[in-house]
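**Q** model this:
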Amino acid sequence: MSYNILNKNVNFQGATQGTIEDIVDTHSTQTIGGLKTVTHLTGTHVRVTNDVVALGNISASVNISASAFYANGVEVSVVGAVTAINDATANELVTIGSTTTELDAESDLTFNSSNKTLELATSGAPTGIFNLYGTLSGSGNISGSAFYGDGTNISNVAATSVTLASNGGLANSSGLIIDPNNATEETSAAGSHFLLIYNGSALRKITAQRIANLSSPEDFCANLVDNRIITAAGADTMNAEANLTFDGSTNRLTVTGDVSGSGFVSASIGHFVTKVEAGAISLGDASGLAGVGLTNTGGALDIQVSGALTATGGNDKIGISGSIAGYGLQFEGDEETISSLKFDAGGLTDTAIDRANDSIVFVDADDSGNAKRESVVDFVGFIAGGGLSAASGQLSINGLGASANRVITDNGDGSVTPEANLTFASNTLTFGNGSHPTASVSAGSGTDVAGKSLIIQTGAGTGTGGGGSVIFKTTEALGGSGTTVQDYITAGAFTKRAFTVGGEETEQATKTSIVGKKISINHNSYTGFVKFTIPNDEHAAGFKIHGVVTRAQCDTAMGFTLVGAISRVGSVTAFAQISSVTTTNNAGDGSDGQRLTSIAFQLASVSGGTGGVQTVDVQVRGQTNDSSNDIMIVYTADVVNANDNGITVNFIA
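**A** Prediction:
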């Protein structure tokens, strides 16, 4: 059994019959809370405050109104109904009219469903434009009075329907064909002009220059060399003849070999400079050729002279080929006018002299300057003077021993001595160990003559490269007796303006000293004058700097001393400290209006990244009672390093 428990007031209507319909309050506002399932809901006015979920259809015989309607979660826009179709005629397509509730029937845009025809501009001139930004396809024909575009994929176009350009090289003959006779002739072709070719599969264009490059004279003519004459070597080959040339600059035809012919060889001047054998000349009568000194002998020419053969007179000459000038000779003039022969050393063959067997040519002044020869052996023996000896055509210095690299000194008598205690090899000058060597400068002579300095000069660098150093090396005694040679270590070195001591031995640190001067320091302004450079590694160094601060006129001065230390491990920032500075009082006139009043020192911040070399500067500040900017510091700095190749010091200019 179930019970309904009513809470608060209930208003009943009608007869009290105990049915649910009799307990519905129809004349006052009722509120139903919670989730209720209503199978049928009717009423004059029904209002639901929250969402209504309908599992079936909602229908009404009258209007259903709301501020918004949604379909699949998207708000549905409400548009007005079409109120008119303007100028409507059958088959005309419509477009939006002047208002959103009107449509216009387009007379120039129709579709006939009976023949499935879409027409644009059915009356008047076909001036309409149909723009399509996709693909137009159809199972039937697409026709028009004209088509525009690049023509791609258009087929079955009759050649007679194509308009040919004038003189374009095309013709209609059952289709388009290339017709050279229908093209304008090119009378000044260039390499960049194009020709049409068929490559076996398609028509292609090619420049005239590429056609020309397909073949070169070397392809059909062998042995091409300047001035050679070309002859046929076969049905389709030629050859440039090495023995038949023509030089256009001299108009000379040159034949190496025989020249033969069944006719005549004629020229304006009968001049031959090569050998002509008598048997090769056939003359019926040579009397017309025989001049002075010649005679006709059975159609042959014979020279008819008595005594020596000479040529005199302005036009009398004998032609001789220059080939008579052999090695070491040259002739003046040409084949017709040889005037002289002379010696030509440049024409001789270059070869090595055989000292024992060869000779040289010389001019004998004692025999009227006639040329003679002398053996190399005799010539070398003749020129061997003091300190020299000759053997088999070779000179030697007397007194040279078997040891190499000895420095030779002059004995003053024409002989030399190879010094046993002075050698030079591999850029090293070495003194012997027989005594203590000395490098000295000769003493001056005369009254009050100053001695000369001994200059030791290192190699100069270029650009940003540093100069060389003066390095002093020595050795230390070994732990026990024996013959083992001790190793050299660096005792000290001068580098630029610094002097460094030690550093090569494990138990020996390095000490570097520099002196410097910094001028034009401004009043009351910290200015760097010493720079320390710290490599990216484990290093420690102590330093001491002492000197004097003054003015350019040196009329006031204050001495100072400071000490400091620097340390660093790899890839971190270095640490640097200086102690309290010890200074003296002003050494100058206490009443001077331009005197120093105080000096102070500090370390600048460490500069440079942790992954590389770092630097730190020592700075000085001077104060004067007149604020003048002509302060100067003069100092010496000593640095002691815990290891070699460590922290370096340099002055700041």
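
**Q** And Ser392, how far from Val416?
**A** When distance is defined by Cβ to Cβ, to the nearest Å, Ser392 is 22 Å away from Val416. From N, CA and C alone the C-beta is placed, and that goes for glycine too.

**Q** more neighbours, the two?
**A** Neighbours were tallied for Ser392 and for Val416 using other Cβ atoms under 10 Å; the higher tally belongs to Val416 (18 against 10).

**Q** Let me know the pLDDT of the more buried one.
**A** Taken from the predicted model, the pLDDT recorded for Val416 is 79.

**Q** ditto for Asn181
**A** Predicted confidence (pLDDT) for Asn181: 77.

**Q** Hmm, Ile353 is touching Phe379, no?
**A** No: shown here, Ile353 and Phe379 do not form a contact pair, counting by Cβ atoms under 8 Å, at 10.6 Å.

**Q** and the residue most central in space within the chain, how far is that from Ala493?
**A** For the chain, the residue sitting closest to the mean C-alpha position, by Cα atoms, centre = their mean, is Gly463 at 23.4 Å. Computed with Cβ to Cβ, the distance linking Gly463 and Ala493 is 23 Å.

**Q** what do you get for Thr510?
**A** Using Cβ to Cβ, one gets 9 Å for the distance from Thr510 to Ala493.

**Q** okay, and the common contacts of those two?
**A** Jointly contacting Thr510 and Ala493 under the rule Cβ atoms under 8 Å, 6 or more residues apart in numbering are Thr500.

**Q** What is the neighbour count of Gly547?
**A** For Gly547, the number of neighbouring residues by other Cβ under 10 Å comes to 19.

**Q** shouldn't it be in contact with Gly559?
**A** Yes: with contact defined as Cβ under 8 Å, Gly547 and Gly559 form a contacting pair (7.4 Å).

**Q** Wait, a helix at Asp219?
**A** Yes: according to DSSP: H, G, I helix; E, B strand; the rest coil, the state of Asp219 is that of a helix.

**Q** Per-residue pLDDT of it, please?
**A** Among the per-residue scores, Asp219 shows a pLDDT of 70.

**Q** Tell me how many other residues crowd it.
**A** Counted by other Cβ under 10 Å, the residues lying close to Asp219 total 9.

**Q** Then Asn629?
**A** Under the neighbour criterion other Cβ under 10 Å, Asn629 is assigned a count of 14.

**Q** The closest residue to it other than its chain neighbours: neighbouring residues, count only.
**A** Excluding the flanking residues, the one nearest Asn629 by Cβ to Cβ, 6 or more residues apart in numbering is Asn522, at 4.5 Å. Taking other Cβ under 10 Å as the criterion, the count of residues near Asn522 is 14.

**Q** follow-up on the earlier one: overlap in contacts of Ile353 and Phe379?
**A** Shared contacts of Ile353 and Phe379, counting by Cβ under 8 Å, 6+ apart, come down to Gly393.

**Q** okay, these two: which has more neighbours?
**A** Applying other Cβ under 10 Å to Ile353 and Phe379 shows that Phe379 carries more neighbours, namely 17 against 11.

**Q** Torsion angles phi and psi at the more buried one?
**A** Backbone torsions of Phe379, given as degrees, to the nearest 10, read phi -70, psi -40.

**Q** residues contacting the nearest residue to it once chain neighbours are set aside?
**A** Leaving out its chain neighbours, the residue that sits closest to Phe379 by Cβ to Cβ, 6+ apart is Ile360, at 6.1 Å. Taking Cβ under 8 Å, 6+ apart as the contact definition, Ile360 lies against 373-374, 376, 379.

**Q** Check the secondary structure at Ala576 for me.
**A** If you use three-state DSSP, then Ala576 falls in the strand class.

**Q** residues in contact with it?
**A** For Ala576, the set of contacting residues under the criterion of Cβ under 8 Å, 6+ apart consists of 532, 564-566, 603, 606, 616.

**Q** one step back: distance check, the residue nearest to Phe379 against Val377.
**A** Using Cβ to Cβ, Ile360 is found at 11 Å from Val377.

**Q** mind listing the strands in the stretch 151-300 of the chain by residue range?
**A** In the stretch 151-300 of the chain, the segments counted as strands under DSSP state E, counting those that start in this stretch are 168-172, 176-183, 194-198, 203-207, 221-222, 228-232, 238-247, 252-255, 294-297, 300-303.

**Q** where along the stretch 351-500 of the chain do the helices fall?
**A** Taking DSSP state H, counting those that start in this stretch, the helices of the stretch 351-500 of the chain run over residues 376-383.

**Q** can you list the weak-confidence ranges in it?
**A** Flagging of the stretch 351-500 of the chain using pLDDT under 70 yields the residue ranges 399, 401-402, 496-497.

**Q** among the contacts of Ala576, which are in strands?
**A** Secondary structure from DSSP state E places 532, 564-566, 603, 616 of these in strands.

**Q** could I get those residues as TSV with pLDDT and distance to Asn427?
**A** Shown next, in TSV, are those (pLDDT from 0 to 100; distance: Cβ to Cβ, whole Å):
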residue	pLDDT	distance to Asn427
Phe532	96	34
Gly564	96	41
Ala565	96	41
Ile566	96	37
Leu603	97	43
Val616	97	39
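
**Q** out of those residues, which are buried?
**A** In terms of neighbour count (16 or more other Cβ atoms under 10 Å), the buried residues within the ones in strands among the contacts of Ala576 are 532, 564, 566, 603, 616.

**Q** What's the separation between the third one and Ser580?
**A** What that stands for is Ile566. From Ile566 over to Ser580 the distance is 17 Å, taken as Cβ to Cβ.

**Q** now swap in the second one and tell me
**A** In this structure, Gly564 lies at 11 Å from Ser580, with Cβ to Cβ as the measure.

**Q** again with Ala390
**A** Ala390 is 82 Å from Ser580, where distance means Cβ to Cβ.

**Q** Good, wrapping up.
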